[in-house]
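Peer 1: A predicted structure for the sequence below; I have some questions about it.
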Amino acid sequence: MGDSNDTPDASTYRVKLSQRSNSLVGAAAMQGDNPMQHGLIGFNILRRAHFNKGSAFSLQERQMLGLHGLLPPRVLSQETQAARIMEGLRRRATDLDRYTDLMDLLDRNEKLFYRVLCEHIKELMPIVYTPTVGKACQEYGHIFRRPKGLFITIHDVGHVESILANWPERDIKAICFTDGERILGLGDLGCDGMGIPVGKLALYTACAGIKPHNLLPVILDVGTDNETLLDDPYYIGLRQKRDRTERYDQLIKEFIESVKHCFGPTTLLQFEDFGNRNAFRLLEEYRNKCCTFNDDIQGTASVALAGIYASLRLTKKKMADNVFLFQGAGEAAIGIAMLIVAAMKEEGIAEQDAMSRIWLVDSRGLVVKNRAKGGIEGTHKVPFAHEHAYIETLTEAVDLLKPTCIVGVAAVPRAFTQEICETMAKLNERPIIFALSNPTSKAECTAEQAYTWTEGRCVFASGSPFDDVTYQGKLLSPGQGNNCYIFPGVALAVMATAARCVTDECFLVAAQSLAGLVEESDLEAGRVYPSFDKIREVSTQIAIDVARLCYRSNLSSILPEPEDLSSFIRSHQYSTKYDSYVPDMYSWPAANL
C-alpha cells in the first residue's frame, strides 16, 4: 500500500484514526474545528455537541469517521434540520416543554441549536429566557438532564481552583455566575437558579455571536432560604440555609481570584441575580479589581435609558425636562437612576439637580429624608432621598410629584393601576410607562392596560414580551426592554479588546448606541427598541461603539487599536454553519515515489 499513489480509502483512514485514540477527549476536542484532529471517531463524535451534525454528515464524512450505519441513510441539510426542529417545537403543548426540547438540542448539536435560535430569535427569546426561563428555574430539579456549567458550593472554599480545572475548556473568556438569591422577580431559588447563567450565555452567542466554547455558566451554591426547595426531594442543591457568614465573602473572593489565575486577568465576570444585600457591595468591591459588571444593575440601567432616549423623540423633550418616579428602590431602580443622572450630566445638568428629578417608592413608601419608617440610611437610596413630606402610596406620589415617566422594577404585580395610568395621561400628552419587572406574572401592568387607560397615548415598554395591541383601529407594538439588547454587545466588545475593567461609561455608550438604532418606523409602531429580528446587527453595532470607547479610555489590552473596528469585532463572531470534516486529500506524481 505504501507504494501506491492512490488516495487512501475511508476504511484505512478510519483505522488510523482509531489507532490514535478512540476515547472521549476534553478541552482539545471542544476547541478544535475537526474531530479528526483529536482522535474522535464513530459514536464518540455523535456524543459531542460541538462536533455533532446528526443527519447532516455527508456520506464521505460518515465513511471516514466511522459513522456509516450509525445514522439514518438520508443526508439532510442543516436548513431542513432547523425546519424540523421548529416544527417539533411548535407542536409542543407548553413553553416549558419547548424549553426542555431546546436544552436537549443544545446537548446534542451545538451549531444547530444556535442556528435555530438565531433564525427564530423573536419567537424563541421568550423560551430560552424570560418569562419561560423563570418557570424552568422553578422546576429545575424536576427537568434536570445534563450539567451545562460548574457547580461550586460554600463547602468548596479552599478548593475552587481545582474545580475550575475540571471544566474541559481552557479558553474561557466570559463567565456568568449567580448565587441564586434573587432569580428574576421570583426570589431565592438557590441552586435551581443555574438556568439563568445558562440562558444568559446562550444569548451571548445568539445575539452577539460570541463563541460558545469561550463561555462558562457557574452557580455558587451557598444554600437557600426557600423552604419549598429544601423540602423538595428533587432539589439539586445543598440542603441547608443560606450561608451569610464571612465564608460567603471568602468564596466570592476565592472564586474571582481563581478565575483570573486559571483563565486570565481579563476574563469577564458577569454578576447575575444576586440579592440586594450583596449586589451593590460586591460590584463596588470588585469593579476595579477585575473585568466585571452586574447585569441587574448596569445592564438593566442601560436598556432602560436607551428606551428613555428613544421616548424623547416622541415626547419632544430633553432628558432634563423629565421627572422620573420609580416603583422600587433596589438594584435595578438605583442602577437606572444613576445612569439617568449620568445622561443628564452630559446635557450640562449639575449632579444634584439631576438627582432632584428622580424619586423612588419602596415597600415603605416614598423615599424621603428622615423618613419615620426608616429603611434608607446606609443604603444606595440615600442620594435620592429628598426633602419632602412623606407619601405612603405610589398613587399619591404620582398625583403629587407629577412625573413624566414611571418605571416599575420592584416585581409588584399590577402596581400601575388604572388610576395611576389615567393620572399619568392627564399630566402628560405622551406619558412614559415602563413596566420592566420580570417575569410576565410580575409586570406592573400589561401593554393592553397601559394603552387603554392612557387612550393609546403612552410610550410603553416592558421587561417581558406582550402581544401587539389594537386600540381604536391603530396597531401598537410594545417594546420589550430586555437586557439582551445590551449585555451581549457589551460583552463582545470587552472580550474582543481584552478590556481590563468595565466602566459605567460603557453602559452609557451602549444605551446611546441602542437608542440610535431605533428607526422612525419603530417609533410609529409604538416601539422604543429595534425589532428583535435585528438583534445580531444591533449587538454588533453596540460592540463596535463600546470597543471604540475601550480604546479611547485606555481600557483595552489588545494594542494597537485596529484600523477597521467593524471588521475586528466581526472577526470574533461565531458561525452557525456546519464545518466540513473531509480532510484536504490529494495525490503525488507516481514517478516521484
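Peer 2: Received the coordinates, thanks. Because the structure is predicted, anything quoted here is derived from the model rather than measured. Residues are numbered from 1 along each chain as shown.
Peer 1: so which residues of this protein form strands?
Peer 2: 150-153, 174-178, 215-221, 268-271, 292-294, 324-327, 358-362, 365-366, 405-408, 432-435, 459-462, 469-471, 474-476, 479-480 (DSSP state E).
Peer 1: mean neighbour count for the ones you listed - can I get that in CSV?
Peer 2: The way it works is simple: take the backbone N, C-alpha and C, and place the C-beta from them, glycine included. Below are the strands of the chain laid out as CSV (neighbours: other Cβ atoms under 10 Å):
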stretch, mean neighbour count
strand 150-153, 20
strand 174-178, 25
strand 215-221, 24
strand 268-271, 25
strand 292-294, 25
strand 324-327, 26
strand 358-362, 25
strand 365-366, 22
strand 405-408, 29
strand 432-435, 28
strand 459-462, 28
strand 469-471, 16
strand 474-476, 14
strand 479-480, 27
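Peer 1: would you mind giving those as CSV with mean pLDDT added?
Peer 2: Output for these, formatted as CSV (pLDDT from 0 to 100):
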stretch, mean pLDDT
strand 150-153, 98
strand 174-178, 98
strand 215-221, 98
strand 268-271, 98
strand 292-294, 98
strand 324-327, 98
strand 358-362, 97
strand 365-366, 96
strand 405-408, 98
strand 432-435, 98
strand 459-462, 97
strand 469-471, 96
strand 474-476, 94
strand 479-480, 92
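Peer 1: next, format the ones you listed as CSV and append distance to L549.
Peer 2: Below are those laid out as CSV (distance: least, Cβ to Cβ, whole Å):
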stretch, distance to L549
strand 150-153, 31
strand 174-178, 18
strand 215-221, 23
strand 268-271, 16
strand 292-294, 14
strand 324-327, 25
strand 358-362, 25
strand 365-366, 36
strand 405-408, 26
strand 432-435, 26
strand 459-462, 25
strand 469-471, 37
strand 474-476, 34
strand 479-480, 25
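Peer 1: ok, which of the ones you listed comes nearest S587?
Peer 2: Of all the strands of the chain, it is strand 215-221 that lies closest to S587, at 42.2 Å by Cβ to Cβ.
Peer 1: identify the residues contacting the closest residue to C191 other than its chain neighbours.
Peer 2: Sequence neighbours aside, G237 is the residue nearest to C191 in space, at 2.6 Å (criterion: Cβ to Cβ, 6 or more residues apart in numbering). Contacts for G237 (Cβ atoms under 8 Å, 6 or more residues apart in numbering) come out as 180, 190-192, 219, 221, 223-224, 229.
Peer 1: neighbour-wise, which one of those residues leads?
Peer 2: G180 (32 neighbours; other Cβ atoms under 10 Å).
Peer 1: just the pLDDT for that residue.
Peer 2: For G180, the model assigns a pLDDT of 98.
Peer 1: what does P465 give?
Peer 2: Per the predicted model, pLDDT is 88 at P465.
Peer 1: could you count how many residues lie near A83?
Peer 2: A83: 14 neighbours (other Cβ under 10 Å).
Peer 1: got the confidence number for it?
Peer 2: A83 is assigned a predicted lDDT (pLDDT) of 98.
Peer 1: how close does it sit to P73?
Peer 2: Remark: distance between A83 and P73 (Cβ to Cβ, to the nearest Å) = 20 Å.
Peer 1: now render the contacts of G237 as JSON lines, adding distance to I358.
Peer 2: Listed next are the contacts of G237 as JSON lines, based on distance: Cβ to Cβ, whole Å:
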{"residue": "G180", "distance to I358": "30"}
{"residue": "G190", "distance to I358": "34"}
{"residue": "C191", "distance to I358": "37"}
{"residue": "D192", "distance to I358": "35"}
{"residue": "I219", "distance to I358": "34"}
{"residue": "D221", "distance to I358": "37"}
{"residue": "G223", "distance to I358": "36"}
{"residue": "T224", "distance to I358": "34"}
{"residue": "L229", "distance to I358": "37"}
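Peer 1: cool, thanks, talk later.
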